[in-house]
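Visitor: Starting from these lines, generate the structure:
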Amino acid sequence: MSWRQVIFVSLCATVLILSLSSGTDSARVPGAAKAMVPKGSARGVFMPEADASTFFKSRGRRSTRHQAELHAEQRVKKAASARRIELIEEQRHKYENYVEEVHDEQNERSRETTEQYREYQYDGQYPRYDWHD
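Guide: Okay, here's the model as predicted:
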């Protein structure tokens, strides 16, 4: 026999022995016969096995969506859209405030520069009352 045939026969024997053995029904911890009951928000996520099987049987791959599922999905999309719009408005408001501050600073600097020029560089040719702010 070649080494491939030996490995194949040994694997088949191992699978046969494990499948016929009644000692390893599951990986359950001894003494933990009753199932854990989910607490808090986990109750909304997990459901009993019987309910889960009927849920998947009634909703096959090609089944139509139920009205409640459509409404729930629309509510989620609407909430995400509202959050996105709020974020965009907040960013736009911050940017407008920033632009206004920069514009005010620039006006202040140019006003100060003009005042300094008028005060220190005045050569006396033109009367001061002609200057308008």
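Visitor: what residue ranges in this structure score low on pLDDT?
Guide: 1, 22-45, 57-65, 121-133 (pLDDT under 70).
Visitor: how about 50 then?
Guide: Along the chain, no part satisfies pLDDT under 50.
Visitor: Helices of that one, residue ranges please.
Guide: Secondary structure of the chain (DSSP state H): helices at 3-20, 42-45, 49-58, 67-120.
Visitor: As a markdown table, the ones you listed with mean neighbour count would be great.
Guide: For glycine as for every other residue, the C-beta is placed from the backbone atoms N, C-alpha and C. Shown next, in a markdown table, are those (neighbours: other C-beta atoms under 10 Å):
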| stretch | mean neighbour count |
| --- | --- |
| helix 3-20 | 9 |
| helix 42-45 | 9 |
| helix 49-58 | 10 |
| helix 67-120 | 10 |
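Visitor: Next, the contact list for residue 93, please.
Guide: Listed by C-beta atoms under 8 Å, 6 or more residues apart in numbering, residue 93 has no contact partners.
Visitor: Next one: it from residue 86, what distance?
Guide: To residue 86, residue 93 is 10 Å away according to C-beta to C-beta, to the nearest Å.
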